Every structure is written in structure tokens, then in C-alpha cells.
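Q: need coordinates for the following:
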Amino acid sequence: MNTNAAYNQAETKGLGVLKRFWRIEDQEHANVIPDNLVLLQSIQSARQDWLNSASNFEQAENDELIDYYIYRMKACQIRYNYLIKQAKAIGLRGVLDPFNL
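A: This next block holds a predicted model:
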């Protein structure tokens, strides 16, 4: 009788592994965000970072902070332009909504 109990227990564990596998696979497919949407959100984020850097630059009083925000604005501008080029390359069109970040 012990061998049957062990066999049944092993069989139950095996099914549990399969159930967990299918659950994980289902979760991966359920949380998929389209690449185009991710790219649009990245563009919006880069644009907002660029605008924030420009605003902070205008309010900076320390020479070191002024230099920092100049470099920050340039880096944000380059990132934004790169993402725009990526969107154009794949023919992506969308509305950039600054209130929907």
C-alpha cells in the first residue's frame, strides 16, 4: 500500500508542476504590452524629462547646477530624438499627450 500512496503522491506533484507551468505561461501572455505602446510611452517620458530639465535650468542659481542641467537637457534631447527616429522607422504614429504619462 505504501507504494501506491507514493505513486499517487508523485502523480499529484507532477500535475501540480504542469498546472504551475500553465499558470506562469498564461500570466506572461496576459501582461504583454505592445511594443508600439511602450515606445510611445518612452517618447512621452523622454519629452517630459526634457521639459523638466529645461524648467530646472531656468530656476538654477548655482553655476554647477546650471552646467548639470545643460548636460541633462542635451542628454534628454538626444534620447527624445532617438526615440522619435525609432518611431518614424517603424511608421508609428500617435498622439503625445503630456497629461497622460
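
Q: now residue 49: closest residue in space, sequence neighbours ignored.
A: Of all residues not flanking residue 49 in the chain, residue 76 sits nearest, at 4.7 Å (CB to CB, 6 or more residues apart in numbering). (Each C-beta comes from the backbone N, C-alpha and C, glycine too.)

Q: show me what the particular helix or strand that has the one you found in it is packed up against.
A: Residue 76 is part of helix 63-89 when elements are defined by DSSP states H and E. Under the contact definition 3 or more CB pairs under 8 Å, 6 or more residues apart in numbering; DSSP states H and E, helix 63-89 sits against helix 35-59.

Q: buried set for the helix it packs on?
A: 39, 40, 42, 43, 44, 46, 47, 49, 50, 53, 57 (16 or more other CB atoms under 10 Å).

Q: low-confidence ranges in the protein?
A: 1-33, 94-101 (pLDDT under 70).
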